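Participant: 3D model of this:
(2 chains)
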Amino acid sequence: MRKSFDKHWYAWAMVLPTVVVLGVLVFYPLVQGVWQSFTDLNESNQREEICTKVLGGAETCEPNPDAARFVGLDNYVDILTGTQGSFWLQLTNTLVWTLACVALHYGVGLGLAVILNRNFRFRGFYRVALILPWAVPSFVAAFAWRFIFDERFGIVNGVLRAVGIDPVAWFEQRWTSLFTAIVANVWLGVPFMMVALLGGLQSINGDLYEAAEIDGASPWQRFVNITLPGLRPVSSTVVLLGTIWTFNMFPIIYFVTRGQPAGSTEILVTGAYRAAFEGIRDYSLAATYGVLILSILVVYASAYKRMLAKQGEVF
Amino acid sequence: MTTMPPAAVAADPVETVAGTRTPLPRRRRDRSVGASIALHGTLVVATFIALFPILWVVLSSLKPASEIRRTEIQLFSSPTLDNYRRLLTETDFPTWFANSVVVAAFTMVIGIAMSATAGYALSRFNFPGRRGLMWVFLLTQMFPVAILIVPIYTIMANLGLIDTKLSLIIAYCTVAVPFCAWMLRGYFDTIPRELDEAAALDGLGPFSTFWRIILPLARPGLAVTAFYTFLTAWGEVAYAIAFMQGSDHYTLGAGLQQFVPQFSPRWELLTAGAVLITVPAAIVFFFAQRHLVAGLTAGGTKG
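Facilitator: Just a heads-up that it's a prediction; the model follows:
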């Protein structure tokens, strides 16, 4: 032990600040969050002590009789049976949202990356122009798309009116409302996929394509048999990251649909946030949501890893 | 039609003349006119979709409020800078902007200091707990805001930090540091270890090796970390809305939504604000984007 300390103390000293901060502000809150999900903590019962001022300015404190207490699995039962909140609706929204966004991010990103990987005029210009949405902070993009889809003054309805179609009240129906959010998020997220996949494409050995061409492989065959396998390492990373990011993507739903109409486009993350910070603040409900979200993601990530391992990929 | 005999491909001078850094699988010459049109057509459409929302917001920010509230489309009418003037003189926007600058700057400095030391230790020293720590860093990427925000809120409240900039700076560091440490580890890995060994032979301790030899060499990597932490702090909203309470304490993320309440949104102020927020972010982003992707994929695939 003593020897180990002498040998490694500077390494430990260097990681210490990070470890302390992460410990205090990630792992302690995580444990506390899990604990809170088993209590009935909310805005009104969060104090452990009630302090009253007595004459002369002193304070006396006594335990709060109504303080939050342990309620076991009640929160989970309430949420999963739909007594509180609308977990299943939000889970459906989250799955549709994540699947649609990640599929479109990856599909469009891959298409554009393949095109940009060729040699043609103005390539540099297109590349910069296509990356631009990435430079916009996500909450700003959310407001911009809210503005574009605005029912009365938005450009989308303006165009519809101009060509003689009835304007659409985008935010008054669940699926059109979710659609606007997906459009906004796809717009925001494609550049990242495109650039990452472009990097992957450029690391594929060009000789492979020439050899395939000599053997008479069609462009489609070359794409399926050289490009896609060559992109595997990059694809597996960005799809995993992209799924997690989209699942937890807060600002787009929060500002574009705002849950309209009537909370029916809320995803799990925004639902949890509203439970915690809007109306009567129900901290335990939000914490329970958090635990459920984290469990879903952990299950997904390990299933994903196992799937990759089965295909002979070491992640 | 689009293919050439292999011999001609091999002798194709375009490749050598162009002297591109990475060999491109297809060459310009062997493309038919139709394919060219399809290619440029696709790209023009994609570029239009990418640029249009930005352009539309910029154009709208230059219109008077009455022109924005019109149902027919007008690309450009009676341009004015009046929205910007009102935004900067009649609202709290300048305060929010200043708050965001302070928060982002401190997040950047603290974030770099923490992730550089941690990244270096992870890259160079094989200490007990190294693998575990790397897993923890990856794992924190998975944590939803929803599970941490309430406990962090209660911690901040107990420390009396709610409604202060410090609370946001600390919270943003926890978001940015694991990722940055991971990224910087990848960057330090590309600096030859022989340099460390030579420095040790010359009598430098591990800290001065880090400070005097490695850090100056790692400047590009540090720059990317700086950009990333800045952008994280600049664009975050969930913590900002939850922690900050008075309008004069808001950062941009929390403040901007004040312009668009449920009824009678003030799009003219919002669009002008959106432009002013995006400009610094875009400038920082363009310095960073090339390295950001390299760092991301390197950190992700080598793990």
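Participant: what is the mean pLDDT for stretch B:51-66?
Facilitator: Stretch B:51-66 carries an average pLDDT of 88.
Participant: buried set for it?
Facilitator: B:Pro53, B:Ile54, B:Trp56, B:Val57, B:Leu59, B:Ser60, B:Ser61, B:Leu62, B:Lys63 (16 or more other Cβ atoms under 10 Å in any protein chain shown). C-beta: built from backbone N, CA, C; applies to glycine.
Participant: Which ones among those map onto helices?
Facilitator: Of those, the ones assigned to helices by DSSP state H are B:Pro53, B:Ile54, B:Trp56, B:Val57, B:Leu59, B:Ser60, B:Ser61.
Participant: where are the low-confidence patches of the chain?
Facilitator: Since no chain was named, I'll use chain A. Under the criterion pLDDT under 70, the flagged ranges of chain A are A:1-5, A:47-49, A:53, A:55-57, A:65-66, A:312-315.
Participant: The intended chain is chain B.
Facilitator: B:1-30, B:71-72, B:75, B:289-303.
Participant: Smallest gap between it and chain A, at which residue?
Facilitator: B:Ile147 (2.6 Å; Cβ to the nearest Cβ).
Participant: If I follow the layout properly, A:Tyr304 ends up in contact with A:Leu240?
Facilitator: Yes. Between A:Tyr304 and A:Leu240 there is a contact at 5.8 Å, judged by Cβ atoms under 8 Å.
Participant: neighbour count winner among the two?
Facilitator: Taking neighbours as other Cβ atoms under 10 Å in any protein chain shown, A:Tyr304 and A:Leu240 compare with A:Leu240 leading, 20 against 16.
Participant: quick one: which helix or strand includes the closest residue to the residue of chain B closest to chain A other than its chain neighbours?
Facilitator: Computed as Cβ to Cβ, 6 or more residues apart in numbering or on different chains, the closest residue to B:Ile147 that is not its neighbour in sequence is A:Gly290, at 2.6 Å. For A:Gly290, the host element (DSSP states H and E) is helix A:283-310.
Participant: Next, the buried residues of that helix.
Facilitator: Across helix A:283-310, burial judged by 16+ other Cβ under 10 Å covers A:283-294, A:296-297, A:300-301, A:304, A:308.
Participant: Over to stretch A:174-193?
Facilitator: Neighbour count says stretch A:174-193 has A:174, A:176-193 buried, by 16+ other Cβ under 10 Å.
Participant: The host helix or strand of A:Val19: how far from the chain's middle?
Facilitator: Assigned by DSSP H and E, A:Val19 falls within helix A:2-22. Chain-centre distance of helix A:2-22: 33 Å, with Cα atoms, centre = their mean, to the nearest Å.
Participant: From the chain's centroid, how far away is the following helix or strand past it?
Facilitator: Later in the chain than helix A:2-22, the nearest helix or strand by DSSP H and E is helix A:28-36. On the basis of Cα atoms, centre = their mean, helix A:28-36 is displaced by 21 Å from the centre of the chain it belongs to.
Participant: repeat for stretch B:271-278
Facilitator: 17 Å.
Participant: Quickly check: that stretch near chain A or not.
Facilitator: Yes. Stretch B:271-278 comes into contact with chain A (Cβ under 8 Å from any Cβ of the partner chain), by way of B:Thr271, B:Ala274, B:Ile277, B:Thr278.
Participant: Going by neighbour count, which residues in the strand or helix carrying A:Leu112 are buried?
Facilitator: Take DSSP H and E as the rule and A:Leu112 turns out to sit in helix A:87-116. Neighbour-count burial for helix A:87-116, with 16+ other Cβ under 10 Å as criterion, is recorded at A:87, A:89-91, A:93-94, A:97-98, A:100-102, A:104-106, A:108-110, A:112-116.
Participant: from the residues you listed, which are also near chain B?
Facilitator: Near chain B, judged by Cβ under 8 Å from any Cβ, the entries from the buried residues of helix A:87-116 are A:Leu112, A:Ile115.
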